[in-house]
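# Quick one, what's the 3D model for this:
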Amino acid sequence: MTKVRPLDAVDRILAQWHQERPDLDVSPMGPIGRLKRCTALIQRRLDETFAEHGLTTWEFDVLATLRRSGAPHCLAPTTLFAALMVTSGTMTNRLQRLEAGGWVVRLPNPTDARSMLVQLTDAGLALINRAVEAHVANEHHVLEGLSAADLRALDQQLARLLAVLER
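Take a look at the predicted model:
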């Protein structure tokens, strides 16, 4: 016997479109609408965890990028803004704010006198270590309603969609 899932907000939107425009194939609105809604709901939960550590999402992202780069947790700003998909101007502003918070320092690049490097401070490293542990626990909590098999299948399907979109 197949379980019937409860209707969600996207189902109601699709029903309205079917009523108003039965000639239009709105089926793509289902998965795209659900992805958008899931993203918004997940982001709220992520933001709450970051806020518990005094961070915004973008601050977490910059610190986490430096942390996962490995010791000495130091990258060129161009590497950072490429990894985070932001403009150089946005990255400059963000680095100034992180530096003012004592979480990063900018250092001269020993291999290129024209550029600087960004490095986590001890305080920044301690902060991101605490925050990433809470973040991973939160992500586990967000996904706990799905079985391991469902999570693997979802991840595989999303990877396929991502590959299509990144072409």
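
# And the nearest residue to residue 115 once chain neighbours are set aside, how far from residue 57?
With Cβ to Cβ, 6 or more residues apart in numbering as the criterion, residue 115 has its nearest non-adjacent residue at 4.5 Å, and that residue is residue 109. (Glycine included, C-beta is placed from N, CA and C.) Distance, residue 109 to residue 57, by Cβ to Cβ, to the nearest Å: 28 Å.

# swap in residue 108?
Residue 108 is 30 Å from residue 57, by Cβ to Cβ.

# Name the secondary structure element that contains residue 119.
Under the criterion of DSSP states H and E, residue 119 resides in strand 116-120.

# and that strand, which residues are buried?
117-120 (16 or more other Cβ atoms under 10 Å).

# In the chain, where's the longest helix?
If you go by DSSP state H, the chain has its longest helix at helix 29-52.

# name the helices or strands packed onto the next helix or strand after that helix?
Tracing the chain past helix 29-52, the next element assigned as helix or strand by DSSP H and E is helix 57-68. On a contact count with 3 or more Cβ pairs under 8 Å, 6 or more residues apart in numbering; DSSP states H and E, helix 57-68 meets helix 29-52, strand 74-75, helix 77-84, helix 88-100, strand 104-108, strand 116-120, helix 122-143.

# how far is the first one from where the chain is centred?
Taking the mean of its C-alpha atoms, helix 29-52 sits 10 Å from the chain's own mean (Cα atoms, centre = their mean, to the nearest Å).

# Could you list every helix and strand in contact with it?
By 3+ Cβ pairs under 8 Å, 6+ apart, helix 29-52 packs against helix 9-20, helix 57-68, helix 122-143.

# tell me the mean pLDDT for the following helix or strand past the longest one?
This points to helix 122-143. Once helix 122-143 ends, the next helix or strand along the chain (criterion: DSSP H and E) is helix 148-165. Across helix 148-165, pLDDT averages out at 95.
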